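Participant: model this:
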Amino acid sequence: MTSITIKRALLSVSDKTGLADLGRALADKGVELVSTGGTAKALRDAGLVVMDVSDLTGFPEMMDGRVKTLHPTVHGGLLAVRDNAEHVAAMEAHGIGAIDLVVVNLYPFAATVARGASRDEIIENIDIGGPSMVRSAAKNHASVAIVTDPADYAIVASGETTLDQRRTFAAKAYAATAEYDAMIASWFAFADQGQMFPPALSVPLKLGQSLRYGENPHQSAALYLPAFAPGGSLADHRQVQGKELSYNNLNDADAALELVSEFRDGPPTVVIVKHANPCGVATGETLVDAYRAAFACDTVSAFGGIIAVNRPLDGPTAEAISEIFTEVVAAPDADDAALAVFAKKKNLRLILTGPLPDPARGGMMLKTITDGALLQSRDNGQLGELKTVTKRAPTAQELADACFAWIVAKHTKSNAIVYARGGSTAGVGAGQMNRLESARIAAWKAKDAAEKAGWAEPRTIGSAIASDAFFPFADGLLAAVEAGATCVIQPGGSIRDDEVIAAADEAGLAMVFTGMRHFRH
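Facilitator: Alright, predicted model coming up:
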């Protein structure tokens with residue numbers, strides 16, 4: 001069947017948006033309306049004539065509405081193949097009338113979970129009859145139209161559907177039930193049962209937006225969003241202005257937001273990221289002070305970078321950022337002055353996230369590999385008790401710089417070395433194949449930054465150095481000594497720890513062990 005005239009429609013929706021208008025349009029086409037519970041009441045309140053499902057089936061809704069559409073009269077009317085003689089005979093023998101259109105949206109399971117409802121209420125918001133009708137109608141899309149998206153109401157309001165339309169509806173319908181079942185399976189596995197790695201992984205993701213291309217122009221890409229996501233992340237960002245976000249923009253902005261969230265309860269902080277690595281991070285008395293300190297760390301890499309801040313963006317900071325080309329700025333919010341400044345930069349992408357998430361929050365991270373996927377818990381490890389392993393303990397300022405550098409190193413690609421002094425990064429070495437090279441690169445960057453700024457000395461002089469993993473040899477630590485560092489923070493745990501500690505003592509360094517590694521690949 002190609003084109004079908006709708007004679008009977010079954011409507012059962014949780015979200016009543018657009019329902020009355022659809023009901024009127026169908027009724028004007030002579031369509032018989034069949035409905036359930038609250039949907040039937042909403043249609044009657046709109047002045048429409050509606051048959052209750054209980055009148056259609058001959059059975060009342062029962063068990064607090066758990067059982068109402070799970071009946072052969074309903075599913076027979078949906079599943080019957082209209083040009084199959086045996087099916088037609090069965091319909092006639094059992095008084096089953098054909099249903100040409102089903103309009104369903106499901107119980108709000110995700111919203112119920114999101115508002116912190118009790119377990120009993122969450123269970124009651126697992127829809128059974130709705131998905132069953134959706135699947136039956138979608139399977140028989142040759143004869144039945146299934147609408148799960150209110151955006152499609154206008155199509156069926158005409159009173160007719162084409163086969164191409166019904167195929168499209170069926171595809172959307174199965175995607176909707178798959179996502180719904182995945183949400184439920186995910187909640188049961190992770191939240192209810194506390195399973196970190198369930199036997200089968202169900203990940204409910206919905207298309208957020210199509211992207212212009214992937215990492216490179218010859219690759220296609222899209223952003224998918226989870227059903228359950230904390231606030232303050234890219235999952236619920238609002239883009240205020242600028243060009244469409246690209247794959248690389250989103251990847252880098254996520255890295256910047258993850259790092260700046262570590263400082264959400266701290267002083268004004270600015271993070272500048274390039275290719276998913278921080279190239280400058282600083283705190284300050286004001287946001288603009290923090291930006292200028294972060295920018296000074298690496299003025300070359302900052303060009304075309306991604307900036308994230310832990311405070312609502314203000315006018316002076318926006319003015320400072322606007323002095324060079326910046327791809328994306330991410331902030332919890334922005335005042336009118338900042339918005340006015342950026343409005344002059346039409347290509348700059350400004351995204352607002354709302355309050356930043358807790359960096360210690362739980363959650364899982366999924367990364368695909370060829371023909372598979374890797375799943376792990378988030379790296380939400382926080383600094384605990386530090387162990388001084390050298391003869392000299394760090395001063396209060398050295399310890400503060402070390403802790404700051406450690407947080408930045410946590411969000412820097414391995415092998416990661418970060419120098420910091422006075423609440424600012426001095427040099428960052430990222431993604432090298434050995435730790436010594438990272439230490440040398442970070443020191444060289446600090447020296448280059450000092451020359452560009454006209455400083456008397458690089459900020460590595462008197463700095464603290466953080467290493468995301470232990471020093472396997474003393475050479476990386478000695479490179480830090482040569483750069484002027486006076487304090488080291490690292491996980492410890494190398495078979496050569498004694499050798500590294502002895503080298504630190506000989507150089508007069510203070511060194512603390514965290515006992516926690518932060519590889520980031």
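Participant: now the end-to-end length of stretch 150-167.
Facilitator: End-to-end distance of stretch 150-167 (Cα to Cα, to the nearest Å): 17 Å.
Participant: go on, stretch 311-324?
Facilitator: 21 Å.
Participant: now it: buried residues?
Facilitator: 311, 313-318, 320-322 (16 or more other Cβ atoms under 10 Å). Quick note: C-beta positions are derived from backbone N, CA and C, even for glycine.
Participant: for stretch 5-19, same thing?
Facilitator: Within stretch 5-19, the residues scored as buried using 16+ other Cβ under 10 Å are 6, 8-14, 16, 19.
Participant: pipe these into JSON lines and attach secondary structure per row.
Facilitator: JSON lines is the format used below for the buried residues of stretch 5-19 (DSSP: H, G, I helix; E, B strand; the rest coil):
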{"residue": "I6", "secondary structure": "coil"}
{"residue": "R8", "secondary structure": "strand"}
{"residue": "A9", "secondary structure": "strand"}
{"residue": "L10", "secondary structure": "strand"}
{"residue": "L11", "secondary structure": "strand"}
{"residue": "S12", "secondary structure": "strand"}
{"residue": "V13", "secondary structure": "strand"}
{"residue": "S14", "secondary structure": "coil"}
{"residue": "K16", "secondary structure": "coil"}
{"residue": "L19", "secondary structure": "helix"}
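Participant: kindly reformat the residues you listed as JSON lines containing pLDDT and distance to L436.
Facilitator: Shown next, in JSON lines, are the buried residues of stretch 5-19 (pLDDT from 0 to 100; distance: Cβ to Cβ, whole Å):
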{"residue": "I6", "pLDDT": "93", "distance to L436": "73"}
{"residue": "R8", "pLDDT": "92", "distance to L436": "76"}
{"residue": "A9", "pLDDT": "91", "distance to L436": "72"}
{"residue": "L10", "pLDDT": "94", "distance to L436": "70"}
{"residue": "L11", "pLDDT": "92", "distance to L436": "69"}
{"residue": "S12", "pLDDT": "91", "distance to L436": "66"}
{"residue": "V13", "pLDDT": "92", "distance to L436": "63"}
{"residue": "S14", "pLDDT": "89", "distance to L436": "60"}
{"residue": "K16", "pLDDT": "91", "distance to L436": "65"}
{"residue": "L19", "pLDDT": "93", "distance to L436": "67"}
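Participant: show me which of the buried residues of stretch 311-324 is closest to C279.
Facilitator: Nearest to C279, judged by Cβ to Cβ, of the buried residues of stretch 311-324 is I321 at 14.4 Å.
Participant: how close does that closest one sit to N248?
Facilitator: Going from I321 to N248 by Cβ to Cβ, to the nearest Å gives 19 Å.
Participant: and P312, by the same measure?
Facilitator: Relative to N248, P312 is positioned 26 Å away (criterion: Cβ to Cβ).
Participant: next: L287.
Facilitator: Applying Cβ to Cβ to L287 and N248 gives a distance of 25 Å.
Participant: and what of L163?
Facilitator: From L163 over to N248 the distance is 41 Å, taken as Cβ to Cβ.
Participant: also A338?
Facilitator: 24 Å.
Participant: and the pLDDT at the residue nearest to Y291 when sequence neighbours are not counted?
Facilitator: The shortest distance from Y291 to any non-neighbouring residue, by Cβ to Cβ, 6 or more residues apart in numbering, is to V270 (4.5 Å). As summarised for this prediction, V270 has a pLDDT of 98.
Participant: name the SS class of V270, please.
Facilitator: Once three-state DSSP is applied, V270 turns out strand.
Participant: and it, what does it touch?
Facilitator: For V270, the contacting residues are 260, 280-282, 284, 287, 290-291, 293-294, 307-309, 317, by Cβ atoms under 8 Å, 6 or more residues apart in numbering.
Participant: next one: D289
Facilitator: D289 touches P268, counting by Cβ under 8 Å, 6+ apart.
Participant: and of the buried residues of stretch 5-19, the nearest to A504?
Facilitator: Taking Cβ to Cβ as the measure, A504 lies nearest S14 of those, at 63.3 Å.
Participant: could you check how far the closest one is from R44?
Facilitator: 17 Å.
Participant: next: A178.
Facilitator: Note on A178: its distance to R44, by Cβ to Cβ, is 33 Å.
Participant: same thing with L11?
Facilitator: L11 is 12 Å from R44, where distance means Cβ to Cβ.
Participant: and I306, by the same measure?
Facilitator: I306 sits at a distance of 54 Å from R44 (criterion: Cβ to Cβ).
Participant: and the helices in the stretch 201-350 of the chain?
Facilitator: 247-261, 287-297, 315-321, 336-343 (DSSP state H, counting those that start in this stretch).
Participant: tell me the mean pLDDT for the last one?
Facilitator: Read that as helix 336-343. What helix 336-343 shows for mean pLDDT is 96.
Participant: over to the longest one?
Facilitator: Taken as a whole, helix 247-261 has an average pLDDT of 94.
Participant: could I get the full set of strands for the stretch 1-150 of the chain?
Facilitator: Secondary structure of the stretch 1-150 of the chain (DSSP state E, counting those that start in this stretch): strands at 4-5, 8-13, 32-35, 51-52, 101-105, 145-147.
Participant: hmm, I typed the wrong one, I wanted the stretch 301-450 of the chain.
Facilitator: 305-309, 326-331, 349-352, 364-369, 372-377, 387-388, 417-421, 424-429.
Participant: need those strands in TSV with mean neighbour count, can you?
Facilitator: As requested, these are arranged in TSV below (neighbours: other Cβ atoms under 10 Å):
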stretch	mean neighbour count
strand 305-309	28
strand 326-331	25
strand 349-352	21
strand 364-369	10
strand 372-377	10
strand 387-388	12
strand 417-421	31
strand 424-429	30
